[in-house]
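# this is the structure alone, sequence omitted:
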């Protein structure tokens, strides 16, 4: 009974931590960018990589990047006033594609409804972006008799970009590699 209680408590705390990681990534991604007050903030590949490093640190002993996947999407309005995923970056070893769309979805037209559960999609307003995050993690049991080991824990979060941001692109950072969604990496 003691082991079952310990495992159950760990499972509940792990759910909370994965949820917090999703919120932190969305919040941090909504704030990053250069600090020049004379121009719209540009976001750089290095900024996104730093957001993923922060998520890994917050996850601590979970090894979130070894046993999970973080998907960060920039949801924006297209030129037809529809929703589209302008760019998407991913980090983690888990082979998992976004449940809500991939980079380029909705680039034209108005058929792409936004991101999130069907009927409850998040949408971006004109001239702004929403940082939409999916975190998926395979639970790692701490006791040898856990029926929960390997169960997938999944959370989403979304934050509007806080400041006026240059939405044209993600700018390159010298020495930084884009966290491509076709690559599975924990580092």
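Looks like it came in fine. Every value quoted in this text rests on a predicted model; they were computed, and no experiment measured them. Numbering: from 1, shown residues only.
# please make it C-alpha for all contacts and neighbour counts, starting now.
OK.
# what's the mean pLDDT across the helix ranked longest in the chain?
What stands out as the longest helix in the chain, according to DSSP state H, is helix 2-31. Averaging pLDDT along helix 2-31 yields 94.
# where does the protein dip in pLDDT?
37 (pLDDT under 70).
# can you do 80?
Within the chain, the segments meeting pLDDT under 80 span 1-2, 34-39, 145-146, 185-187.
# quick check: phi and psi at the residue nearest to residue 110 when sequence neighbours are not counted.
Closest residue in space to residue 110, ignoring its immediate chain neighbours: residue 82 at 4.1 Å, by Cα to Cα, 6 or more residues apart in numbering. Dihedral angles of residue 82 (phi, psi; degrees, to the nearest 10) stand at phi -100, psi 180.
# how about the contacts made by residue 82?
106, 108-113 (Cα atoms under 8 Å, 6 or more residues apart in numbering).
# secondary structure and distance to residue 96 added to the residues you listed, as a markdown table?
Below are the contacts of residue 82 laid out as a markdown table (DSSP: H, G, I helix; E, B strand; the rest coil; distance: Cα to Cα, whole Å):
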| residue | secondary structure | distance to residue 96 |
| --- | --- | --- |
| 106 | coil | 21 |
| 108 | coil | 26 |
| 109 | coil | 27 |
| 110 | coil | 26 |
| 111 | coil | 24 |
| 112 | coil | 21 |
| 113 | coil | 22 |
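# can you tell me which two in those residues are farthest apart?
Using Cα to Cα, the pair of those lying farthest apart is 108 and 113, separated by 11.9 Å.
# and the longest helix of the chain, what does it pack against?
helix 45-59, strand 68-77, strand 129-138, strand 152-160 (3 or more Cα pairs under 8 Å, 6 or more residues apart in numbering; DSSP states H and E).
# wait, which of those is closest to residue 89?
Closest among those, using Cα to Cα: strand 68-77, at 5.2 Å.
# which elements pack onto that closest one?
Using 3+ Cα pairs under 8 Å, 6+ apart, strand 68-77 is in contact with helix 2-31, strand 83-91, strand 129-138.
# adjacent strands (with direction) for it?
Using DSSP bridges, the strands paired with strand 68-77 are strand 83-91 (antiparallel), strand 129-138 (antiparallel).
# Provide the contact partners of it at residue level.
Contacts of strand 68-77 (Cα under 8 Å, 6+ apart): 22, 25-26, 52, 83-96, 98, 103, 114-115, 123-138, 181.
# all set, thanks.
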